[in-house]
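Colleague: quick one, structure for this:
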Amino acid sequence: MPEHPAVTRVTTALRAAGATGEVRWLDDSAPTAAAAAKALGIEVGAIANSLIFTLDGEPILVMTSGAHRVDTAWLGEQIGGTLGRADAALVKTATGQVIGGVAPIGHPAPLRTWIDTALADYPQIWAAAGHAHTVFPTTYDELVDLTGGIPTAVVPEQ
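Modeller: Model (predicted):
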């Protein structure tokens with residue numbers, strides 16, 4: 001199996017937390033939820049996207065189902081601030097990982113995290129593992145535990 005420092009940090013964090021899911025290296029990169037779902041043969045909604053935003057200037061992590069996009073204006077109102085898009089440099093600084101492979105864990109320092117409640121609809125979900133070619137399986141409850149995240153809707157109810 002290939003080695004990559006960001007993937008090693010994610011694997012170490014998974015083991016330290018007692019998670020049992022194994023990091024899987026994909027043949028092709030999966031920088032989008034659709035690409036990851038296709039590679040795994042699962043519904044796109046079972047992909048847990050790790051998105052870095054800024055909340056009033058500070059980086060935060062929002063884990064969202066691949067089935068929809070975060071409504072930043074609405075979510076910002078729900079969590080009490082203004083959400084902005086983080087640029088690639090801030091993503092790298094905050095996570096130690098690059099866009100397309102950002103994992104929910106294995107960061108230099110913990111990030112305040114919100115987790116899309118839509119992910120709870122799936123018995124198994126998959127998240128990036130520090131590199132665009134890596135993913136790992138988990139459950140909604142385990143993801144909440146791993147990240148210390150706050151369960152929340154990330155889009156208004158339709």
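
Colleague: bridging residues for the most centrally placed residue in the chain?
Modeller: Geometric centre of the chain, nearest residue: residue 50, 2.3 Å, by Cα atoms, centre = their mean. Going by DSSP bridges, residue 50 is paired in beta bridges with residue 63.

Colleague: list the contacts for it?
Modeller: By Cβ atoms under 8 Å, 6 or more residues apart in numbering, the contact list for residue 50 reads 61, 63, 95, 102-104, 127-128. In short, each C-beta sits where N, CA and C put it, glycine included.

Colleague: contacts for the helix or strand where residue 146 lies, please.
Modeller: Assigned by DSSP states H and E, residue 146 belongs to helix 140-147. Contacts of helix 140-147 with the rest of the structure, by Cβ under 8 Å, 6+ apart, involve 13-14, 17, 19, 21, 48, 61, 63, 104-105, 113, 115, 119-120, 122, 125, 127, 138, 149, 151.

Colleague: before we move on, what about stretch 116-128?
Modeller: Residues contacting stretch 116-128 (Cβ under 8 Å, 6+ apart): 30, 36, 40, 42-43, 45-48, 50, 62-65, 67-68, 97, 100-104, 134-140, 143, 151-154.

Colleague: just the C-alpha atoms of that stretch, please, in PDB.
Modeller: Below are the C-alpha coordinates for stretch 116-128, written out as PDB (Å, rounded to 0.1, in the frame of the first residue of the first chain):
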ATOM      1  CA  ASP A 116     -24.800  17.000   8.300                       C
ATOM      2  CA  THR A 117     -27.700  15.000   9.900                       C
ATOM      3  CA  ALA A 118     -28.600  13.600   6.400                       C
ATOM      4  CA  LEU A 119     -25.500  11.300   6.800                       C
ATOM      5  CA  ALA A 120     -27.400   9.500   9.500                       C
ATOM      6  CA  ASP A 121     -29.700   8.000   6.800                       C
ATOM      7  CA  TYR A 122     -26.900   5.600   5.800                       C
ATOM      8  CA  PRO A 123     -25.700   2.600   7.900                       C
ATOM      9  CA  GLN A 124     -22.200   3.100   6.500                       C
ATOM     10  CA  ILE A 125     -20.600   6.300   5.200                       C
ATOM     11  CA  TRP A 126     -17.300   7.000   3.500                       C
ATOM     12  CA  ALA A 127     -14.900   9.900   4.100                       C
ATOM     13  CA  ALA A 128     -11.600  11.000   2.500                       C
END
